[in-house]
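**Student:** got a sequence here, can you model it:
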Amino acid sequence: QVQLVESGGGLVQAGGSLRLSCAASGLTFSSYRMGWFRQAPGKEREFVAAISRSGEGTYYADSVKGRFTISRDNAKNTVYLQMNSLKPDDTAVYYCAADRTRPASSQWSRRDGLDYWGKGTLVTVSS
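**Tutor:** The predicted model follows:
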């Protein structure tokens, strides 16, 4: 069956960096657009970033643009989220998602209807 497993979360001070990874199995990874979402305590899950099947196209939420970078390695079936200049407001559980048909664009701003989800990894940014 399809599995998306996130890793790389942890505790970091404001201004620091983390790199999240999401390893996929059970699917033809290069056929899927991939994305990251996050959910802070007491808030709804929100879109962070998405990437096209080839990796050439990316799309970001305004809140992370210029600080976060999404990338993928199709040979390793893995998508990454490099997070720099972290802020306390970035504290959340980060989830990766996969979808076969939705282009890596503003369409990823809707979290409903995506094909697969991981279970998340916690990122805590201290002030």
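
**Student:** secondary structure element for the residue nearest to residue 32 when sequence neighbours are not counted?
**Tutor:** Residue nearest to residue 32 in three dimensions, not counting chain neighbours: residue 98, with 4.3 Å by Cβ to Cβ, 6 or more residues apart in numbering. From N, CA and C alone the C-beta is placed, and that goes for glycine too. With elements delineated by DSSP states H and E, residue 98 resides in strand 92-99, which encompasses its position.

**Student:** the chain: strands as residue ranges?
**Tutor:** Under the criterion DSSP state E, the chain carries strands at the ranges 3-7, 10-13, 18-25, 33-39, 46-51, 58-60, 68-73, 78-83, 92-99, 116-117, 121-126.

**Student:** show me what counts as buried in the strand holding residue 98.
**Tutor:** Residues 92-99 are the ones in strand 92-99 that count as buried (16 or more other Cβ atoms under 10 Å).

**Student:** for the spatially most central residue of the chain, give me its contacts.
**Tutor:** Centre of the chain computed as the mean C-alpha position; nearest residue by Cα atoms, centre = their mean is residue 36, 2.0 Å away. With Cβ atoms under 8 Å, 6 or more residues apart in numbering as the criterion, the residues that contact residue 36 are 20, 22, 48-50, 70, 79, 81, 94-97.

**Student:** run the last query once more with 7 Å
**Tutor:** Residues in contact with residue 36 (Cβ atoms under 7 Å, 6 or more residues apart in numbering) are 48-49, 70, 81, 94-96.
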